[in-house]
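# Provide a 3D model corresponding to the input given below.
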Amino acid sequence: MAILDQNNICLIFRLARLRFLFPGFLLFSLGYLISMHSGVNFDIHKFFFGYLSFSLAHLSISFSNDYFDRNSDVNSKKTIFTGGSKVLVEHPNLASCAHKIAILLLVASTISLVIFAFFFSYSVWFVIYGVLGGLIGYFYSAPPISFSYKGAGEIIGIISIGFLIPGMGSIVASGSIDQSLFLFIFPLCCYGLFFMLNVEIPDLESDKIANKKNLIVKFGRRSGKILLALSSALATIYILFLELSGSFSIYFPFGLFTIMSIIPLISSIIGLIENRDERKGINQQAFMNIVAIIFFILIVDLILFLNLIL
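Numbering: from 1, shown residues only. Now for the predicted structure:
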């Protein structure tokens, strides 16, 4: 069967799981907006070309994860955000194609980074930063490192969401990482853990069979739900502290951020109180938590954007 026939093209789009690009775009935009609050002017060419370089590597992760998780996904239950795309489970003949696409996207991202650095006179460290981020995403599930199988999956999620992705947006804006971004690292790391736990909770049984060593496999769903509530609470407390300190409120509206951070906090507390163990309830709770965190970052981006133009 030809790879480029209509049916296979549709399957490849399913493999791409384009919905995951949206939270990545929000985090990238967050880093860019933070740099703009420090006086960097908006450059539409930098923003879109820089995001293109990042998105190619981000998109590669969908293909590489599905390829290297295709055996463990046999036992998973597919949801909007978890369980893989199931394409390679149902169509194993596309496995080689998926891996090749993942590699091609990483190569395209690297070429794009080099062109960007040359065109805007950025240092080689910009390219190294971008390539490193892409490789971390690839080796999240790819051997021999296989972070997600060796107990480091949550760490990679925390680093990526807490620093690497918003850091990419910041470095695209000005060629260096804005110091103001460091104010946001702790709560973003908390939300990185929050996101990773919600991705892992529905896949507990299949991850056990696949011998993955993540926190949910080690300590169970109940402990995971406690960690969800704790991580979101710590993020809210930290943001509130920044507001009450008064030192940074002239730069960022942390009071508004504190109010909005209550959304994922309430969602995680509801999940902890209800403690739903049936499959449908578990999936619904994870979905609600992930939507809550995406909505929070979206609103933070909008607040920062409006704060710049008003």
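
# any idea where the helices of the stretch 101-250 of the chain begin and end?
With DSSP state H, counting those that start in this stretch as the criterion, the stretch 101-250 of the chain has helices at 124-138, 153-159, 165-174, 185-200, 204-209, 215-245.

# identify the residues contacting stretch 247-261?
Contacting residues not belonging to stretch 247-261 are listed as 37, 180, 183, 187, 232, 235-236, 239-240, 242-243, 296, 299-300, 303-304, 307 [CB atoms under 8 Å, 6 or more residues apart in numbering]. In short, each C-beta sits where N, CA and C put it, glycine included.

# which of the residues you listed are buried?
Listed as buried from these are 180, 183, 187, 232, 235-236, 239-240, 242-243, 296, 299-300, 303-304; burial here means 16 or more other CB atoms under 10 Å.

# closest one of those to residue 26?
Closest approach between the buried ones among the contacts of stretch 247-261 and residue 26, by CB to CB: residue 300, at 8.4 Å.

# which non-adjacent residue is nearest that closest one?
residue 257 (5.9 Å; CB to CB, 6 or more residues apart in numbering).

# mind checking how far that neighbour is from residue 37?
Look at residue 257 and residue 37: by CB to CB, to the nearest Å, they are 13 Å apart.

# contacts only, for residue 243.
Applying CB under 8 Å, 6+ apart to residue 243 gives the contacts 249, 254-255, 257-258.

# ok so, going back, state the pair within the buried ones among the contacts of stretch 247-261 that is farthest apart.
180 and 232 (22.6 Å).

# residue 23: what's it in contact with?
195, 293-294, 297 are the contacts of residue 23 under CB under 8 Å, 6+ apart.

# which SSE is it in?
For residue 23, the enclosing helix or strand under DSSP states H and E is helix 21-37.

# tell me the mean pLDDT over that helix?
Averaging pLDDT along helix 21-37 gives 96.

# name the helices or strands packed onto the very next helix or strand once past that helix?
Once helix 21-37 ends, the next helix or strand along the chain (criterion: DSSP H and E) is helix 44-68. Helix 44-68 makes packing contacts with helix 6-16, helix 21-37, helix 87-90, helix 95-119, helix 124-138, helix 165-174 when contacts are defined by 3 or more CB pairs under 8 Å, 6 or more residues apart in numbering; DSSP states H and E.

# thinking again about what came up before, hey, least reliable of the helices of the stretch 101-250 of the chain by pLDDT?
Among the helices of the stretch 101-250 of the chain, helix 204-209 scores lowest, with a mean of 87.

# thanks again, I'm all set now.
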